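>>> Any chance you could fold what I've pasted below:
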Amino acid sequence: MAGHSQFKNIMHRKGAQDAKRAKQFAKILREITVAARSGLPDPASNPRLRAAVTAAREANMPKDNVERAIKKASGAAGGEDYVEVRYEGYGPAGVAIIVEGLTDNRNRTAGEVRAAFSKHGGSLGESNSVSFMFQRLGVVTYPVDAASEDEMLEAAIEAGADNAVLTEEGHEITCEMENFFAVRDALEGRFGEPQSAKLDWRPENSISLDEEKARTVLKLIDVLEDNDDIQAVYANFDLPDDVAQALAA
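Residues are numbered from 1 along each chain as shown. This next block holds a predicted model:
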């Protein structure tokens with residue numbers, strides 16, 4: 001999501017990096033817990049767990065933390081019982097927002113998400129009220145030096161992907177959600193472990209925001225992402241270069 005990626009790039013939270021890192025680790029560990037309980041505790045045999053471990057590695061999470069989480073989740077002791085939740089609504093300026101989470105208390109999370117939307121100029125909608133504006137895609141990325149542009153595109157198409165593009169940041173391969181694990185595994189067999197591999201919501205069209213509207217939308221997204229129960233937030237906005245620069249100033 002273009003807007004959201006730019007948002008992450010321009011965020012400056014002085015003195016809060018450690019806290020942010022700890023929160024990110026906690027969210028990844030929660031996904032590892034759910035993934036390990038949904039299948040075998042072996043990443044090689046559990047595609048969702050494998051994706052969670054890749055996310056942990058991308059975030060530079062210590063390997064011991066990952067292994068302890070898998071062991072704890074697969075043990076008989078149990079622990080927190082998380083369920084997957086998804087909320088949809090509109091933020092300021094009519095921006096469509098999808099919120100995904102893992103929670104041990106649906107009522108608490110729903111109340112907090114609803115309050116965040118209401119307080120920051122948005123409104124929470126019904127299920128599927130905005131998801132039709134997005135595509136659910138698998139996204140696999142590799143560094144620039146993993147392969148040539150033609151080589152990666154050829155391998156991606158052979159693996160069942162829809163497209164592969166090369167940017168300054170690296171190769172991005174996209175595919176239908178149903179083909180995600182097969183595409184990821186095929187590419188990994190040829191180019192090694194990907195830089196990242198995840199399911200994503202990509203907007204069909206984006207709303208361009210001016211600085212004032214961007215600040216209100218980003219504040220809502222910031223509040224949602226700060227919630228421990230929320231795993232990811234997606235929105236259909238875009239920031240022109242001058243707006244992104246003004247927000248980063």
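
>>> Tell me which residues of the longest helix along the chain come out buried.
Assignment by DSSP state H gives helix 17-38 as the longest helix of the chain. By neighbour count on 16 or more other CB atoms under 10 Å, the buried set for helix 17-38 is 24-25, 27-37. The way it works is simple: take the backbone N, C-alpha and C, and place the C-beta from them, glycine included.

>>> can you check stretch 167-182 too?
So for stretch 167-182, counting by 16+ other CB under 10 Å, buried means G170, H171, E172, I173, T174, C175, N179, F180, F181.

>>> domains of the protein?
For the chain, the TED database gives the domain ranges 17-74, 83-132+204-248, 135-203.

>>> sorry, back to before: can you tell me which of the buried residues of helix 17-38 comes closest to E67?
Set against E67, the nearest of the buried residues of helix 17-38 by CB to CB is I32 (9.8 Å).

>>> what about the strands in the protein?
Taking DSSP state E, the strands of the chain run over residues 83-90, 96-103, 123-124, 134-142, 163-167, 170-176, 196-203, 207-208, 230-235, 237-238.

>>> Include distance to A115 and mean pLDDT when you put those strands into a markdown table, please.
Formatted as a markdown table, the strands of the chain follow (distance: least, CB to CB, whole Å; pLDDT from 0 to 100):
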| stretch | distance to A115 | mean pLDDT |
| --- | --- | --- |
| strand 83-90 | 12 | 96 |
| strand 96-103 | 13 | 96 |
| strand 123-124 | 9 | 95 |
| strand 134-142 | 24 | 96 |
| strand 163-167 | 38 | 95 |
| strand 170-176 | 34 | 97 |
| strand 196-203 | 23 | 93 |
| strand 207-208 | 24 | 94 |
| strand 230-235 | 13 | 96 |
| strand 237-238 | 22 | 94 |
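
>>> Same list (the ones you listed) but as TSV, adding distance to A56.
Formatted as TSV, the strands of the chain follow (distance: least, CB to CB, whole Å):
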stretch	distance to A56
strand 83-90	19
strand 96-103	15
strand 123-124	30
strand 134-142	16
strand 163-167	24
strand 170-176	19
strand 196-203	11
strand 207-208	33
strand 230-235	13
strand 237-238	29
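
>>> For A55, grab the count of nearby residues.
19 (other CB atoms under 10 Å).
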